[in-house]
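**Student:** sequence plus the predicted model coming up.
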Amino acid sequence: GPKVLQIPSHQIIDMGQMVTLNCDPVSNHLYFYWYKQILGQQMEFLVNFYNGKVMEKSKLFKDQFSVERPDGSYFTLKIQPTALEDSAVYFCASSRDSSNSDYTFGSGTRLLVI
Amino acid sequence: AQKVTQTQTSISVVEKTTVTMDCVYETRDSSYFLFWYKQTASGEIVFLIRQDSYKKENATVGHYSLNFQKPKSSIGLIITATQIEDSAVYFCAMREGSGSWQLIFGSGTQLTVMP
């Protein structure tokens, strides 16, 4: 089936540096999401993005986080500056609409902040 | 407040048998959507099956089916004729219908299918 691609699959970064996680969503999907999963725990919602705007965000979506999708290219999650507690797997997801369509998840980016 | 609870941390079964994984949820919405995903050893998250709250009939897809008990706020996943490759972590998730886009996940159940 259609895939959500995430680049890179792994990233190691020094605390305080900036990191950008990239997501190529399913081509006809309009809604995009980021989820965070700390090792061994459930995924937690970070943010939803539609039509160039953040529609909803959780308390985990700190001020250091930002998302954008310039000109229909990658949907990105930027963390600036990074903190040790940002170490996690970040999953991108997309859906066709906001009502009852299913979500397609990417394989995740494993971020380690040292 | 929204919440999804999976009390079974891990389950082991012998292949070709049937397994049921439990999930209960909390919501104030009258309309909501329930999902089951599995996460493989590689970390990939795969959509399995969904149940819309307004549908009375239990969803079935392949060897996955749901036991939707709305009065108990329960959505169990049943896997029949289990296979070794069904070994994974299974997550229950809920999305409310009131305009929220969040999927609220449970903590997951590790299923191990043994030969």
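**Tutor:** All right, it came through fine. Numbers count the residues shown, from 1 in each chain, chains lettered A, B, ... in the order given.
**Student:** what helix or strand does the residue positioned nearest the centre of chain A sit in?
**Tutor:** Centroid check for chain A by Cα atoms, centre = their mean gives A:Trp34 as the closest residue, at 3.2 Å. Using DSSP states H and E, A:Trp34 falls within strand A:31-37.
**Student:** what about residue 72, how many neighbours?
**Tutor:** In the absence of a named chain, chain A is used. Neighbour count of A:Gly72, defined by other Cβ atoms under 10 Å in any protein chain shown: 9. C-beta here means a position set from N, CA and C on the backbone, and glycine is covered the same way.
**Student:** should've been chain B
**Tutor:** Other residues close to B:Lys72 by other Cβ under 10 Å number 10.
**Student:** now it. Its backbone dihedrals?
**Tutor:** phi -100, psi 0 (degrees, to the nearest 10).
**Student:** just list whatever residues bridge to the nearest residue to it once chain neighbours are set aside.
**Tutor:** Nearest in space to B:Lys72, with sequence neighbours left out and distances taken as Cβ to Cβ, 6 or more residues apart in numbering or on different chains, is B:Val24 at 7.2 Å. Beta-bridge pairing of B:Val24 under DSSP bridges involves B:Thr5, B:Ser74.
**Student:** what about the nearest residue to the residue nearest to the centre of chain A once chain neighbours are set aside, distance to B:Phe68?
**Tutor:** Leaving out its chain neighbours, the residue that sits closest to A:Trp34 by Cβ to Cβ, 6+ apart is A:Leu46, at 4.3 Å. To B:Phe68, A:Leu46 is 29 Å away according to Cβ to Cβ, to the nearest Å.
**Student:** so these two - more neighbours on which side?
**Tutor:** Using other Cβ under 10 Å as the criterion, A:Leu46 and B:Phe68 rank with A:Leu46 on top: 23 against 19.
**Student:** enumerate every residue touching the more buried one.
**Tutor:** Shown in contact with A:Leu46 (Cβ atoms under 8 Å, 6 or more residues apart in numbering or on different chains): A:Tyr33, A:Trp34, A:Tyr35, A:Lys36, A:Lys57, A:Ser58, A:Leu60, A:Phe61, A:Phe65, A:Leu77, A:Tyr90.
**Student:** neighbouring strands - and their directions - for the one helix or strand it maps to?
**Tutor:** In this assignment (DSSP H and E), A:Leu46 forms part of strand A:43-50. Paired strands of strand A:43-50, with direction, are strand A:31-37 (antiparallel), strand A:53-57 (antiparallel) (DSSP bridges).
**Student:** could those be laid out in CSV, adding mean pLDDT?
**Tutor:** Output for the strands paired with strand A:43-50, formatted as CSV (pLDDT from 0 to 100):
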stretch, mean pLDDT
strand A:31-37, 95
strand A:53-57, 94
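**Student:** wait, which of these is closest to A:Ser73?
**Tutor:** strand A:31-37 (12.0 Å; Cβ to Cβ).
**Student:** what does chain B put close to chain A?
**Tutor:** Where chain B comes near chain A, counting by Cβ under 8 Å from any Cβ of the partner chain, the residues are B:33, B:35, B:37, B:42-45, B:47, B:50, B:52, B:91, B:100-108.
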